[in-house]
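[1] Fold the following.
(chains A, B and C)
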Amino acid sequence: MMKKGLDSVYKKLYARFGAQNWWPADSPFEIMVGAILTQNTNWLNVEKAINNLKKEKLLEARKMLKLSNRRLAALIRPAGYYNIKADRLKEFLRFFVNEFNAKESLMSARHTGALRQGLLSVKGIGPETADSMLLYALSKPVFVVDAYTKRIFSRHKYFQEDVSYDEAQKMFMQNLKNEVKLFNEYHALIVRLGKDFCLKRRPKCEQCPLKDQK
DNA sequence: CACCAGGCAAGTA
DNA sequence: TACTTGCATGGT
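    Reported below is the predicted structural model:
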């Protein structure tokens, strides 16, 4: 049987799970902070960390920059990897304050590529974090690839499990309409599907909604 | 108890 | 270039 298109996979996931309402946050800045905190980390732990910052009214770039790395690490402790993430947040905050806000031109739609390069130049921001920021904080039409994406779509033979980030991303972006709303919902649905049916060790393939996708 | 989470960079060969 | 390892909390 012919392999189903990525758009029909999307329709199936949306019909099954509905809108996921990503990214839960009060501001683009909160999304960008969350994108760093959620690296290889359960989102519930990230929420605790963000709430700690909110309680202290510290969820603001210039205030966070004034904190010692030690204090910042203590606040984000529930998110795990707190020492590394404190450093990464500081690196990002410096970029955010010095380059990002200053250069309004970077925000225009046609400079997404330049902005992505800027984000990737920050130590601690890799492709998934950068693209999550672009899509969910800045509403740029960029497809986010994560571990679930590779696991699910390699199991369904859309690509090899060791596919590069860029190759996987290209497959989605070349085969889908270039729409922020679509990319937003699709990635969120992939995460939802992954959590429910495609964990590493005990995937529930028999009950997976994509079981008959071929 | 083991396993896992909306990764990334640094070290090694 | 291609692997491997460190980072760490909290939920299931």
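[2] Next, name the residue at the spatial heart of chain A.
    Centrality entry for chain A: nearest residue to the mean C-alpha point is residue A:132, 3.5 Å, by CA atoms, centre = their mean.
[3] what does chain A put close to DNA strand B?
    The interface of chain A toward DNA strand B, taken as CB under 7 Å from any atom of the strand, is made up of A:22-24, A:34-35, A:38-43, A:45, A:80-81, A:84, A:122-130, A:132, A:136, A:146-148, A:165, A:191, A:194-195, A:199-202. From N, CA and C alone the C-beta is placed, and that goes for glycine too.
[4] hmm, back to that, is there proximity between the helix or strand the residue nearest to the centre of chain A falls within and DNA strand C?
    In this structure, residue A:132 sits in helix A:127-132 according to DSSP states H and E. No - against DNA strand C, helix A:127-132 shows no contacts by CB under 7 Å from any atom of the strand, the least distance being 13.3 Å.
[5] what does that helix rub up against?
    Helix A:127-132 has contacts (CB atoms under 8 Å, 6 or more residues apart in numbering) with A:23, A:31, A:35-36, A:39, A:116, A:119-120, A:142-146, A:165-166, A:169.
[6] DNA strand C: which of those residues is nearest?
    Distance to DNA strand C across the contacts of helix A:127-132 (CB to the nearest atom of the strand) is lowest for residue A:39, with 8.2 Å.
[7] So the closest one sits against residue A:81, correct?
    Yes - under the criterion of CB atoms under 8 Å, residue A:39 is in contact with residue A:81, at a separation of 7.3 Å.
[8] Which one's more surrounded, these two?
    The residue with more neighbours, out of residue A:39 and residue A:81, is residue A:39; 19 against 16, by other CB atoms under 10 Å.
[9] Looking at the residue lying closest to the more buried one once chain neighbours are set aside now. What's its pLDDT?
    Excluding its sequence neighbours, the residue lying closest to residue A:39 (CB to CB, 6 or more residues apart in numbering) is residue A:129, at 6.4 Å. For residue A:129, the pLDDT comes out at 98.
[10] Just give me the neighbour total for residue A:129.
    Residue A:129 has 22 neighbours, counted by other CB under 10 Å.
[11] PyMOL command to pick out the buried ones of the contacts of helix A:127-132?
    Buried residues among the contacts of helix A:127-132 (16 or more other CB atoms under 10 Å), as a PyMOL selection:
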select buried, chain A and resi 23+31+35+36+39+116+119+142+143+144+145+146+165+169
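[12] Show me the contacts of helix A:127-132 that map onto helices.
    Among the contacts of helix A:127-132, the members found in helices (DSSP state H) are A:31, A:35-36, A:116, A:119-120, A:165-166, A:169.
[13] Could you dump these into JSON lines and include pLDDT?
    Listed next are the ones in helices among the contacts of helix A:127-132 as JSON lines, based on pLDDT from 0 to 100:
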{"residue": "A:31", "pLDDT": "98"}
{"residue": "A:35", "pLDDT": "98"}
{"residue": "A:36", "pLDDT": "98"}
{"residue": "A:116", "pLDDT": "94"}
{"residue": "A:119", "pLDDT": "95"}
{"residue": "A:120", "pLDDT": "96"}
{"residue": "A:165", "pLDDT": "96"}
{"residue": "A:166", "pLDDT": "96"}
{"residue": "A:169", "pLDDT": "97"}
